[in-house]
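**Student:** Generate a structure from the sequence data that follows.
(chains A and B)
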Amino acid sequence: DGGITQSPKYLFRKEGQNVTLSCEQNLNHDAMYWYRQDPGQGLRLIYYSQIVNDFQKGDIAEGYSVSREKKESFPLTVTSAQKNPTAFYLCASSDNRDRVGADTQYFGPGTRLTVL
Amino acid sequence: SQKIEQNSEALNIQEGKTATLTCNYTNYSPAYLQWYRQDPGRGPVFLLLIRENEKEKRKERLKVTFDTTLKQSLFHITASQPADSATYLCALDNNFNKFYFGSGTKLNVKP
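**Tutor:** You can find the predicted model right below:
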């Protein structure tokens, strides 16, 4: 079965702790993305990566960090510097073969992070 | 600044009717626009894509229009069913493989 997996589904963290969210894909996609979704708001882009060993900041990168050492994996670390980390985090990937655009995004099931 | 607007109020319709959802945008010139469906607690699922040079796209009971002059896309579900109840998101690209999403409109189809 091809797809994107995110783990864990629910995550609780004490204030001041760093936490890493996992995202793995077996779709052989070049591009991967991390979004944050808050109630009543659209998805906001945190970081994205077009290719292995390269990534760019999205619109709300402060307090987050990522790595892209393997094509299949794009973990997101929520650091203690992120002031409001409680949210629903979504990982996505896309093929990017069509450089003109029109890349469908495939999303994982999401991780709900709660800071206690 | 760039903005994507979807009606934040839920749309309630009767089974069998056509649901029409709106996506308006400002300060963008997207090459294409996408519509996604999101169920509670789950990731969005791609439905349809329409390019800037296309006026209309259809897939089964779904139809999308794209008016670059009005800066608006309409998403229609004909013969709606209770199973169509979900939140529908529109997304635009910024021509650099970055996507911007609206906040979504919740659709409730009553039997």
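**Student:** which residues touch the nearest residue to A:Glu15 once chain neighbours are set aside?
**Tutor:** Nearest non-adjacent residue to A:Glu15, counting by C-beta to C-beta, 6 or more residues apart in numbering or on different chains: A:Val115, 5.7 Å away. In this view, the C-beta of every residue, glycine as well, is placed from N, C-alpha and C. Contacts for A:Val115 (C-beta atoms under 8 Å, 6 or more residues apart in numbering or on different chains) come out as A:12-15, A:85-86.
**Student:** Nearest to A:Tyr48 among the residues you listed?
**Tutor:** The shortest approach to A:Tyr48 among these belongs to A:Pro85, at 19.2 Å (C-beta to C-beta).
**Student:** Which part of chain A gets nearest to chain B, residue-wise?
**Tutor:** A:Phe107 (3.2 Å; C-beta to the nearest C-beta).
**Student:** Report how many residues lie close to the residue nearest to that residue when sequence neighbours are not counted.
**Tutor:** Spatial nearest neighbour of A:Phe107, chain neighbours left out: B:Gly43 (3.2 Å); criterion: C-beta to C-beta, 6+ apart. A count of nearby residues for B:Gly43, using other C-beta atoms under 10 Å in any protein chain shown, gives 22.
**Student:** Surely the residue of chain A closest to chain B and A:Ala92 touch.
**Tutor:** Yes - taking C-beta atoms under 8 Å as the definition, A:Phe107 is a contact partner of A:Ala92 at 4.7 Å.
**Student:** for B:Lys17, phi and psi?
**Tutor:** Torsion angles at B:Lys17 (phi, psi; degrees, to the nearest 10) stand at phi -80, psi 170.
**Student:** got the contact list for it?
**Tutor:** B:Ser80.
**Student:** could you redo the last one with a cut-off of 10 Å?
**Tutor:** The contact partners of B:Lys17, by C-beta atoms under 10 Å, 6 or more residues apart in numbering or on different chains, come to B:77-80, B:109-110.
**Student:** One more: A:Thr114?
**Tutor:** Here A:Thr114 is in contact with A:10-13, A:85-87 (C-beta under 10 Å, 6+ apart).
**Student:** can you list these in TSV and add secondary structure and pLDDT?
**Tutor:** What follows is the contacts of A:Thr114, written out as TSV (DSSP: H, G, I helix; E, B strand; the rest coil; pLDDT from 0 to 100):
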residue	secondary structure	pLDDT
A:Tyr10	strand	94
A:Leu11	strand	93
A:Phe12	strand	93
A:Arg13	strand	90
A:Pro85	coil	93
A:Thr86	coil	95
A:Ala87	strand	95
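**Student:** In CSV: those residues, plus distance to chain B and neighbour count.
**Tutor:** Below are these laid out as CSV (distance: C-beta to the nearest C-beta, whole Å; neighbours: other C-beta atoms under 10 Å in any protein chain shown):
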residue, distance to chain B, neighbour count
A:Tyr10, 10, 9
A:Leu11, 14, 17
A:Phe12, 16, 12
A:Arg13, 19, 16
A:Pro85, 18, 21
A:Thr86, 15, 14
A:Ala87, 13, 22
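**Student:** Including distance to B:Glu5, could these go into CSV?
**Tutor:** Formatted as CSV, the contacts of A:Thr114 follow (distance: C-beta to C-beta, whole Å):
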residue, distance to B:Glu5
A:Tyr10, 31
A:Leu11, 32
A:Phe12, 34
A:Arg13, 33
A:Pro85, 27
A:Thr86, 26
A:Ala87, 22
